[in-house]
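Asks: sequence-free structure coming up:
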């Protein structure tokens, strides 16, 4: 299983907007805080990051050179 | 972790110093650690500490009145920030934030002045560091003035991947947009364009540069 969107628990207000736009069921609300569930279907569409009004979800990209090394 | 002599020897500020000179400088250097999101320097506030990144990455940015962010650079291990504010004696024109857990070595302004007087080589090194800083800023202005957004994204990808060696923090599309002075949506469109051109491939959370030559042509660089 790969990486999942990163959730900042201090910024998350539990509004649920990200859960409503997630098309793969990767996000759930537990005790008023969003958590990412590891699912194979997450294609990193970054919609959750886009809709969050609090900047609580980030979907960072690794930038690498093919057949070479790259970022972490 | 104590201030490491080998690290001090490797940074541009102290290039060319002998072991005894490094030892002399080392007593002024102290370590600082910060967590992701911690602000290390505030825009418009006096800066009296110069920092060197030992591990991790720090973003240097400016924020507009309406909350828009422009990232000037991402400081990686061996590089410094707060230079201009400390050396000019004025306020910091930018802010600096830890992009993840970072380890820093730092020197206070007053101690840096002592080091500069005692070790003229350091002063020469500072001139070189600041000259490179000016070159980077000229390049940024050139990008904003002459490059279309897709070209800026292409150039940013090439520069960020570099030679592929060394650790670099991952970037969100918003951070990429802030680095090149555009909107997040434009970055997304540009990445799609670059993928359609065959210069990159998007694999979930990885941007893979597949054709460096083609990407350089898109960026308009040699």
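Replies: That came through fine. These numbers come from a predicted model, not from an experiment.

Asks: Name the residues of chain B found near chain A, please.
Replies: Neighbours of chain A within chain B, by Cβ under 8 Å from any Cβ of the partner chain: B:37, B:157, B:160-161, B:163-165, B:167-176, B:184, B:188, B:201, B:204-210, B:212. C-betas here are computed from N, CA, C, even on glycine.

Asks: Surely residue B:48 touches residue B:86?
Replies: Yes - look at residue B:48 against residue B:86 with Cβ atoms under 8 Å: they come within range, at 6.6 Å.

Asks: More neighbours: which of the two?
Replies: For residue B:48 and residue B:86, the more surrounded residue by other Cβ atoms under 10 Å in any protein chain shown is residue B:86, and the numbers stand at 23 against 14.

Asks: which residues touch the more buried one?
Replies: Contact partners of residue B:86, counting by Cβ atoms under 8 Å, 6 or more residues apart in numbering or on different chains, are B:47-50, B:109, B:112.

Asks: What strand or helix carries residue B:22?
Replies: Taking DSSP states H and E as the criterion, residue B:22 maps to helix B:19-26.

Asks: And the contacts of that helix?
Replies: In contact with helix B:19-26 (Cβ under 8 Å, 6+ apart) are residues B:3, B:5, B:8-9, B:14, B:17, B:115, B:118-119, B:121-122.

Asks: will you turn the residues you listed into a markdown table that also has secondary structure?
Replies: Shown next, in a markdown table, are the contacts of helix B:19-26 (DSSP: H, G, I helix; E, B strand; the rest coil):
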| residue | secondary structure |
| --- | --- |
| B:3 | coil |
| B:5 | helix |
| B:8 | helix |
| B:9 | helix |
| B:14 | helix |
| B:17 | coil |
| B:115 | helix |
| B:118 | helix |
| B:119 | coil |
| B:121 | helix |
| B:122 | helix |
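
Asks: for residue 4, what are its contacts?
Replies: You didn't say which chain, so I picked chain A. Per Cβ under 8 Å, 6+ apart, neighbours of residue A:4: A:26, A:36-38, A:42.

Asks: wait, chain B
Replies: residue B:54.

Asks: pLDDT score assigned to it?
Replies: According to the per-residue confidence, residue B:4 scores 85 in pLDDT.

Asks: Residue A:71 now?
Replies: 46.

Asks: got it, and residue A:41?
Replies: Looking at residue A:41, its pLDDT is 86.

Asks: returning to what we had before: buried subset of the contacts of residue A:4?
Replies: If you count burial by 16 or more other Cβ atoms under 10 Å in any protein chain shown, the buried members of those come out as A:26, A:36, A:42.

Asks: ok, the first one touching residue A:39?
Replies: Going back to what we said before, that points to residue A:26. Yes - the pair residue A:26 and residue A:39 passes the contact test of Cβ under 8 Å, sitting 4.8 Å apart.

Asks: What is the distance between the helix holding residue B:22 and the centre of its chain?
Replies: When distances are taken as Cα atoms, centre = their mean, to the nearest Å, helix B:19-26 is centred 26 Å away from the chain's centroid.

Asks: Can you name the next helix or strand after that helix?
Replies: Defined by DSSP H and E, the subsequent element after helix B:19-26 is strand B:30-34.
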